[in-house]
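Visitor: Let's see this in three dimensions:
(one chain, ligands or ions: 1)
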Amino acid sequence: MSDVVILGAGVAGHTAALHLSRLLGREHRITVVSPNSHWNWIPSNIWVGVGKMSKQDVVFPLAPIYARRHIRFIQAKAVAIRPYGDAESDRPAVDIVHTSPPEDGREERIRYDFLVNATGPNLRFGATEGLGPQHGTTVSVCTADHAVEAAGRLRGVIERCRAGEHQTLVVGMGHGTCTCEGAAFEYVFNVDNELREAGVRDLARVVYLTNESRLGDFGVGGMVFNEGGYQTTSELWTESLFRERGVEPILGAHVERVEPGTVHFETLDGTHHALDFDFAMLLPPFGGVPLAAFDRDGTEITQQLFAPSGFMKVDADYSGKPYEQWSASDWPQTYQAQGFDNIWAVGIAFAPPHQISRPLTSANGTVITPSPPRTGMPSGVMGKTVALTIADRIRRGPRAEAHRASMADMGAACVASAGANLRTGSAAAMTMMPIVPDYTRFPTGRSLDDTRGELGLAGHWVKLLLHYMFIYKAKARPGWFLIPE
Ligand SMILES: Cc1cc2nc3c(=O)[nH]c(=O)nc-3n(C[C@H](O)[C@H](O)[C@H](O)COP(=O)(O)OP(=O)(O)OC[C@H]3O[C@@H](n4cnc5c(N)ncnc54)[C@H](O)[C@@H]3O)c2cc1C
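Guide: Model (predicted):
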């Protein structure tokens, strides 16, 4: 019997676990280690963050689903990997610390034959002084609880507008190296929509504060669309949305610090600014979750497995060549950790080889560039791909060929809603193929047939459909595996 251990029960880890349970049945032991008892459909946190959905609509307990799928669930966080084993045994192991109330803090070492690191992002609020819910200055929508708090604060702003007060709302990125611009973009238009529905939009100044140097960059260097035979860009398309809704963009910004009611930031031209706000939702930069690695004799080998960002090094080109020289083939295909044929990192947990958006620094040398996004769809595809590889290696032996899924071959859809009403909702729907541009195959880096942007009610329906479809899939309801990642 083989032991497969999956760290993390988010999009990538949960997808891997469900597929492995389908592929391996009960012959082998699949264990998921994750600190939270509940699964969260993170994209819908946006709707929780404006009060359109409750926390209960976007989370559900993991234990009953894993029990039904014969997956062992350990509510704990991984803290260290011992890929060569330890003094007691040469079987690889992971050190975990339990987080469930009765066992909180208990340390344990569990053995594995195959390990999947799907631990997602470490929300690095600490990278920016004064940023984040723990300081009470800015809110976030990264977790369902954060989103509940954001909705409460937004209600307060709307009440004050109703009382005739002018309010400034700032939504965007809390650091120059943030990723996930799509989420902030979606949230700002949902906030705009809430203010309109409340009839107070004229009393609110809504600012989108971003590290993108151009609107529509989204950390993927922007997109070129084919519209009615003409080429247009995500920049033009996005700009028109900002104009139409009266949302004020501030581009190329690195948030330096936040004080109660004031955000201080530097822009690409090297100037420093202070913006007063009544409400601010600023996303933190992401890093890898703190995981150490040790040799059999206890020597620390963290640098061998992880990049300085804390993300795990996989089969990518990390030689650090200049931006102009990178190519689509630098991106990982198998997600296998360097030097190990039984460890993988999927979803946000793997270290990207380089920026997709052109790296820029301010006149003072401050890096102000979106980091590459690893959104839900590719994270799910990576989880499934690695599950297929592990199942093959268990059934056919360690030499079985790894399955491949490069972000330079994979498409992604991003549907950014702007309101959650079935009749009046709207959304900016974008599809791109591939995610990582490949200039050797496409003159614009991406297929013009499969890279599109559309605005309208239909996109909103798609977003709502995705909400129900993915929660259905994540609950492993009948036929779940027929729903694509
Ligand atoms: C507000 C918001 C909106 C978004 N909207 C969209 C969208 O519309 N479309 C889209 O495609 N993407 C969207 N994304 C991005 C999407 O949520 C991520 O791409 C996706 O969740 C990444 O999957 P993951 O499995 O890598 O990480 P996660 O889903 O974050 O999962 C990580 C898992 O690891 C666990 N974990 C953490 N530390 C440890 C540890 N030490 N040991 C074990 N487990 C650990 C976590 O508890 C969690 O279960 C959005 C993101 C945000 C923040």
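Visitor: For the residue of the stretch 251-400 of the chain found nearest the ligand, give me the backbone phi and psi.
Guide: Closest to the ligand within the stretch 251-400 of the chain is residue 347: 2.2 Å, counting by CB to the nearest ligand atom. The C-beta positions use only the backbone N, C-alpha and C, and glycine is treated the same way. Note on residue 347: its backbone torsions stand at phi 70, psi -140 [degrees, to the nearest 10].
Visitor: Equivalent analysis for residue 229, please.
Guide: phi 90, psi -10.
Visitor: Against residue 451, how distant is it?
Guide: Separation of residue 229 from residue 451 (CB to CB, to the nearest Å) stands at 15 Å.
Visitor: Compare those two and say which is more crowded by neighbours.
Guide: For residue 229 versus residue 451, neighbours defined as other CB atoms under 10 Å are more numerous around residue 451 (22 against 5).
Visitor: does residue 279 have beta-bridge partners, and which?
Guide: residue 169 (DSSP bridges).
Visitor: My guess is it contacts residue 165. True?
Guide: No. Applying CB atoms under 8 Å as the test, residue 279 and residue 165 come out as separate, 12.0 Å apart.
Visitor: what sits against the residue of the stretch 51-200 of the chain found nearest the ligand?
Guide: With CB to the nearest ligand atom, the shortest gap between the stretch 51-200 of the chain and the ligand falls at residue 120, namely 2.5 Å. The neighbours of residue 120, taking CB atoms under 8 Å, 6 or more residues apart in numbering as the test, are 8, 10, 12, 289, 347-349.
Visitor: Quick check: of the residues you listed, which has the highest neighbour count?
Guide: That'd be residue 12 among the contacts of residue 120, by other CB under 10 Å, with 34 neighbours.
Visitor: I figured that residue hits residue 379, correct?
Guide: Yes. Counting by CB under 8 Å, residue 379 is a contact partner of residue 12 at 4.2 Å.
Visitor: hey, what's in contact with both of the two?
Guide: 118, 346-348.
Visitor: Wait, residue 10 touches residue 118, no?
Guide: Yes. Applying CB under 8 Å as the test, residue 10 and residue 118 come out as touching, 6.4 Å apart.
Visitor: quick one: which of residue 279 and residue 165 has more around it?
Guide: residue 279 (22 against 13).
Visitor: buried set for the longest strand along the chain?
Guide: The longest strand of the chain (DSSP state E) is strand 72-82. Under the neighbour-count criterion of 16 or more other CB atoms under 10 Å, strand 72-82 has 73-78, 80-82 buried.
Visitor: Report the secondary structure state of the nearest residue to residue 247 once chain neighbours are set aside.
Guide: Nearest residue to residue 247, sequence neighbours excluded (CB to CB, 6 or more residues apart in numbering): residue 206, at 4.9 Å. At residue 206 the chain is in strand, as set by DSSP: H, G, I helix; E, B strand; the rest coil.
Visitor: Beta-bridge partners for residue 206, please?
Guide: residue 169.
Visitor: So it sits against residue 191, correct?
Guide: Yes. Contact status for residue 206 versus residue 191: in contact at 6.5 Å, counting by CB under 8 Å.
Visitor: What segments of the stretch 351-485 of the chain are helices?
Guide: 376-396, 457-474 (DSSP state H, counting those that start in this stretch).
Visitor: what's the angle from the shortest one to helix 376-396?
Guide: In terms of direction (axes from the mean of the first three to the mean of the last three CA atoms, to 10 degrees), helix 457-474 departs from helix 376-396 by 30 degrees.
Visitor: quick one: is helix 457-474 near the ligand?
Guide: No. Contact of helix 457-474 with the ligand (CB under 6 Å from any ligand atom) is absent, the minimum separation being 7.5 Å.
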